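**Student:** give the three-dimensional model of this entry:
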Amino acid sequence: VGIGKYIRYIPYPVVSGFMTAIGVIILVTQILPSVGYYPKEDIGLIDQYRPAAQETLLRKILKEESEEGMLVLEDFQETIDRSSEVSEAHILKEAKALVGKDTSGVMGTIKIIPRALQNINWLELALALATIAIIYGFKKITTAIPSALVALLVVSGFAYGLDLEYRPIEQIPGGFPVIHLDMFTQFKLDSVAPYIFTALTLALLGAIDSLLTSVVADNMTKTQHKPNKELIGQGVGNSVAALFGGLPGAGATIRTVVNINAGGKTKLSGMMAGILLLVVLLALGPVASKIPAAVLAGILVTVGIGVIDYRGLRAIPFLPRDAKIGPFKVSSEVIIMLVVMVLSSIWNLVYAVGVGLVIASLMFMKKMGDLTAKWSDVKTLEEEKGWADEVNFPENLKKEVFIKHLKGPLFFGFTSEFQQLAKQIPKTASTVVIRMDRMQYLDQSGLYTLEDVVMDLKKSDIKVLFVGVLEQPKYMMERVKLIPSLVSENQIFSSFAECTSAIKSMHLEQGR
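**Tutor:** Below is the predicted model:
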């Protein structure tokens, strides 16, 4: 539907905060596998979660009974009977799930780091450090071969060849996925309808995620992606994957950064990645499953270091402090970047970007309103520092003709200041000239505010003249009949010279 083009309106502080947050997330979450600590295998930690696991299982039983329409308090024996079916294996599985949930992400990792440091696996740490050292060291020799690939092959080969007791990555499934055509042969609209909103939500989140990934790639490669093509490609990929039972996915920032750092910057890299994954699925799964988890952790540590937006961070001390928080003056762009970075790290990447966009929009509107408000005063032509074409205005009329210069859009961020216009003009005034030569845009809020101001001036028998009305503002004013009901066509002039002639004529007629 063409929404991809709107990605260009995401301001740099939001992208910078997002990129830095990605780097922070990668770095922090790779601490545990780098030191060989896996919370879900820590029996002492799991035991601490057993009471919570039992409570969770009991809640599930109560929820099932509620959904079945049972009155728990009247038939509590049924609850007891179901609870007795909960085995030690169920409790252990639930406790591990709770441990995994509580120790995942940035905050979960930070919380468990002290315990991890007491349970370091020195072999895993050595493998991770060796991987990092090779990645940075091999780059100094040559960049023709991706140093991450060299580190992967060398350290994995060393660990496997010496038969070290390292932890391998999880088992990779093999074989070609089976196509499922029953979604067409057994299609029923009523079975699909409940999931339409969920599907649209996933599509939107996937689109945002893919486009943000594309922006990050643009910043790293100094290129410009085609957002609508990107979304069409993601849509085709997800649609085909669904035929094989695949879950919907999106552009993955972390894997994209790994790819770029390895030198993959063209369409060929994406094709090669797909072909290699297919080969792994069909033939090399057992080999790939022997890769040490610490080696991948080491690779990702270097990726995290590389993806952080150092250019944005270095600029923080030099950005103008254009916003006030209490007694302190701070940079609005720094605020946006830090908010996105922190929220992305500890909460949700997509939601954090949404919050950052809202803050950026509000701050932009505040700046625009402030800039327009610099010219919010309405003065007589005698007092006002006129534009070049106003210098020849008759001296005898300058005290009773007031002029308002609109420089910039008349939008909802400026309406409160513009509403004061009518109150600033004394009853002795005969005419108000509103110059719109530089007012390129008029939104609905500005339109109704302008209409109210003109009505107030007319009630005070003050004539309102428009000069240089541009196409979009005129279209808006005609839609609500501000033109010609309140301001007729003979009160609108294309140039100030024409307006001056009309004012002279009016005063001559009044004089007679």
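**Student:** run through the neighbouring helices and strands of the helix or strand hosting I26.
**Tutor:** Element membership for I26 (DSSP states H and E) is helix 12-29. Here helix 12-29 touches helix 105-117, helix 196-221, helix 253-261, helix 293-307, helix 310-314, helix 332-346, helix 349-373, going by 3 or more C-beta pairs under 8 Å, 6 or more residues apart in numbering; DSSP states H and E. C-beta coordinates here come from the backbone N, C-alpha and C atoms, glycine included.
**Student:** moving C-terminal of it, what's the next helix or strand?
**Tutor:** Per DSSP H and E, the first helix or strand lying C-terminal to helix 12-29 is helix 31-34.
**Student:** which residues are in contact with that following helix?
**Tutor:** Helix 31-34 is contacted by residues 38-39, 103, 109, 112-113, 116, 124-125, 128, 293-294, 296-298, 301 when judged by C-beta atoms under 8 Å, 6 or more residues apart in numbering.
**Student:** show me how far it is from its chain's centre.
**Tutor:** Offset of helix 31-34 from its chain centre (C-alpha atoms, centre = their mean, to the nearest Å): 28 Å.
**Student:** contacts only, for the residue nearest the centre of the chain.
**Tutor:** Centroid-nearest residue in the chain: V353, 2.4 Å away (criterion: C-alpha atoms, centre = their mean). By C-beta under 8 Å, 6+ apart, the residues touching V353 are 10, 14, 18, 208, 212, 340, 344.
**Student:** lowest confidence element among the helices and strands of this protein?
**Tutor:** Least confident helix or strand, the chain: strand 379-380 with a mean of 50, by mean pLDDT, DSSP states H and E.
**Student:** so where's the stretch 101-250 of the chain uncertain?
**Tutor:** The stretch 101-250 of the chain contains no residues with pLDDT under 70.
**Student:** and the residue nearest to L343 when sequence neighbours are not counted, what's its pLDDT?
**Tutor:** Once flanking residues are discounted, L343 sits nearest to A352: 3.6 Å by C-beta to C-beta, 6 or more residues apart in numbering. On the pLDDT scale, A352 is placed at 87.
**Student:** which ones are touching A352?
**Tutor:** By C-beta under 8 Å, 6+ apart, the contact set of A352 is 17-18, 21, 339-340, 343-344.
**Student:** please redo it, this time with the cut-off set to 6 Å
**Tutor:** Counting by C-beta atoms under 6 Å, 6 or more residues apart in numbering, A352 touches 340, 343-344.
**Student:** residues contacting stretch 162-174, please?
**Tutor:** With C-beta under 6 Å, 6+ apart as the test, stretch 162-174 has contacts from 159, 281, 285, 288-293.
**Student:** about what we covered before: now the angle between helix 253-261 and the helix holding I26, please.
**Tutor:** In terms of direction (axes from the mean of the first three to the mean of the last three C-alpha atoms, to 10 degrees), helix 12-29 departs from helix 253-261 by 90 degrees.
**Student:** which parts of helix 12-29 are buried?
**Tutor:** Judged by neighbour count (16 or more other C-beta atoms under 10 Å), helix 12-29 contains these buried residues: 12-29.
**Student:** start and end of stretch 46-53, how far apart?
**Tutor:** Using C-alpha to C-alpha, to the nearest Å, one end of stretch 46-53 lies 10 Å from the other.
**Student:** ok, stretch 165-177 next?
**Tutor:** For stretch 165-177, the end-to-end distance is 32 Å (C-alpha to C-alpha).
**Student:** can you show me the strands along the protein?
**Tutor:** Along the chain, the segments classed as strands by DSSP state E run 323-325, 328-330, 379-380, 401-407, 431-438, 463-467, 492-493.
**Student:** roughly how far apart are the residue nearest to L343 and V340?
**Tutor:** Between A352 and V340 the distance, using C-beta to C-beta, to the nearest Å, works out to 5 Å.
**Student:** and the nearest residue to T213 once chain neighbours are set aside, how far is that from F244?
**Tutor:** Nearest residue to T213 in three dimensions, chain neighbours excluded: G251, at 3.5 Å (C-beta to C-beta, 6+ apart). For G251, the distance to F244 (C-beta to C-beta) stands at 20 Å.
**Student:** so between these two, which is more surrounded?
**Tutor:** Neighbour count, other C-beta atoms under 10 Å: between G251 and F244, G251 has more, with 23 against 11.
**Student:** break this protein down into its structural domains.
**Tutor:** 20-162, 181-290, 377-511 (the TED database).
**Student:** where in the stretch 351-500 of the chain is pLDDT low?
**Tutor:** 368-388, 413-417, 420-422.
**Student:** swap the cut-off to 80 and go again
**Tutor:** In the predicted model of the stretch 351-500 of the chain, residues 364-400, 404-405, 407-408, 410-429 satisfy pLDDT under 80.
**Student:** can you redo the domains of the chain as a markdown table with distance to P327?
**Tutor:** Shown next, in a markdown table, are the domains of the chain (distance: least, C-beta to C-beta, whole Å):
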| stretch | distance to P327 |
| --- | --- |
| domain 20-162 | 28 |
| domain 181-290 | 35 |
| domain 377-511 | 25 |
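**Student:** quick one, which of these gets closest to G2.
**Tutor:** domain 181-290 (5.8 Å; C-beta to C-beta).
**Student:** and that closest one, how far apart are its ends?
**Tutor:** Domain 181-290: ends 35 Å apart by C-alpha to C-alpha.
**Student:** gap between that domain and the chain center?
**Tutor:** Relative to its chain's centre, domain 181-290 lies at 19 Å (C-alpha atoms, centre = their mean).
**Student:** surely S345 is in contact with V24?
**Tutor:** Yes: using C-beta atoms under 6 Å, S345 is in contact with V24, at 5.0 Å.
**Student:** I'd like to know how far M455 sits from Y448.
**Tutor:** 10 Å.
**Student:** ugh, typo on my part, it should be A241
**Tutor:** 49 Å.
**Student:** what's the answer for I434, then?
**Tutor:** For I434 relative to Y448 (C-beta to C-beta), the value is 16 Å.
**Student:** and those two? Which one has more around it.
**Tutor:** I434 (24 against 14).
**Student:** looking at strand pairing, list the partners for that one.
**Tutor:** Beta bridges link I434 to K404, F466 when assigned by DSSP bridges.
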